[in-house]
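[1] here you go, sequence then predicted model.
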Amino acid sequence: MEEQKCRNIESILTEKHLKTIIHRLAGFLGDHFKIVVHLQNAGVTRKLHLFAKSMPLINKPKADFIADYNFFRRENLVYKLFENMCVTDSDNWCTKAYIHTDTLLVLPDLSILGYKTLPTDQFYDLKHVLIAVKSLAQFHAKYACYEANQQKSIYEDHREVLKDAAFMDAPWLRAAARLSCSLLREFSTETIDEDTLTNLFLKACDDLTVSKESINVILHRDLWTNNILFRHEGDEPKGAVLVDFQCVRYGPPAFDLMILLYLTTTKQFRESHEKEVFNHYYTVFTQYLDDTMKGKLKDYNYGRWDFFNWCERARMFAMMEAMAIFPFVLMDPSLAQKTFDDPDTFTKHVEEDRCKPVLDYARESSFYRERMVEVSVEFVDRYHLKRL
């Protein structure tokens, strides 16, 4: 029945159809659609609610950027991996894809099942962090067990796809450093020159690599608010699903945890609750390991305190990523689409200089401004001023 449903969907949903079905949603790394398919069988009609993501249909510079950085190829690879890992409905940290190719992804519309994201202008509280961290730890544990039993990592065969061309010495990253310097200069008392900050960014990028001193897993690497969907009972979060695997990497799992914390919580929250969150992750992660993988933890000397040390090593990359992507993901969605989805200015704003539109909006929005300045000041204080 499930196979037949997938064949029906695939025969219906071509890229040509996606140009006209239902309404288009904003999305930085693709065109997003919500689709309702009416299925008929033996005179009975039912609705199938879908979420689809395709390569941009209009903005060619953006499509070229997405293709060059392998965003769809990486997500396609992850959903193939989920099939090999025998991900089931009991693995409620993710959802399976009906269709996944290098240009198209079709998933169930999880909003119909009661899942939703929190607003981008709302920080996670402890309850939401712990639920999200549980799903992340289950994801990492599932892959770790799969790799341990396969005795081969996905990285061996897919190194080029998993390489993150954005977080290396690339125009996109240099533009991020340029913008961070401008934000600090205008809205804080901290200053740093562009070359120094760029070099710190590059050092942070070098830290996220495959390590012989740690277990390595598939990393989501993009755990901001829109990529974690929660199911609530009343006001209580009861489950979290991870979505959007376009930015996956391969490396030590602590990097994902620190990225989640820096993209969804405040400095004050982290100072109050980090150790509790670290403990929660490690407890859930080890709980979901099989005997084969538990043995490997001993081989790596990967105990609880070793994991805590890895979290500290991952902090610099997580902070740098927040500085780099906050200008995009925290901007008002309609303004972000207007700013970063215009074919005429896409390359300029993404790979050259995005200072003007970001600074203009930062002057208007206190939340936008304060969120970016907070992490930028913390980064400069930790990794520049304290080393002078």
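    Yep, that arrived.

[2] skip the chain neighbours and tell me the closest residue to Pro343.
    Distances taken as Cβ to Cβ, 6 or more residues apart in numbering place Asn59 nearest to Pro343, at 4.7 Å, with adjacent residues excluded. Quick note: C-beta positions are derived from backbone N, CA and C, even for glycine.

[3] next one: Lys62
    Per Cβ to Cβ, 6+ apart, closest to Lys62 is Pro56, 4.7 Å.

[4] is the most centrally placed residue in the chain in a helix, a strand, or coil?
    With distances taken as Cα atoms, centre = their mean, Asp222 lies nearest the centre of the chain, 1.6 Å away. Judged by DSSP: H, G, I helix; E, B strand; the rest coil, the three-state class of Asp222 is coil.

[5] so it makes contact with Leu242?
    No. Asp222 lies out of contact with Leu242 (Cβ atoms under 8 Å); the separation is 9.6 Å.

[6] contacts only, for the closest residue in space to the residue nearest to the centre of the chain that isn't next to it in sequence.
    Closest residue to Asp222 apart from its sequence neighbours, by Cβ to Cβ, 6+ apart: Cys247 at 3.9 Å. Applying Cβ atoms under 8 Å, 6 or more residues apart in numbering to Cys247 gives the contacts Phe71, Arg74, Asp164, His220, Arg221, Asp222.

[7] do that again at 10 Å, thanks
    29, 69-71, 74-75, 164, 166-167, 219-223, 227, 259, 321, 325 (Cβ atoms under 10 Å, 6 or more residues apart in numbering).

[8] count of neighbours near Lys356?
    Around Lys356 sit 13 other residues, with neighbours defined as other Cβ atoms under 10 Å.

[9] ok, it to Glu186 distance?
    12 Å (Cβ to Cβ, to the nearest Å).

[10] re earlier: what's the spacing between the residue nearest to Lys62 and Val329?
    18 Å.

[11] who's more crowded, the two?
    Ranked by neighbour count (other Cβ under 10 Å), Pro56 and Val329 place Pro56 first, with 20 against 17.

[12] so that one makes contact with Asp64?
    Yes. Shown here, Pro56 and Asp64 form a contact pair, counting by Cβ atoms under 10 Å, at 9.3 Å.

[13] what's the overlap in contacts for the two?
    Common neighbours of Pro56 and Asp64 (Cβ under 10 Å, 6+ apart) are Phe346.
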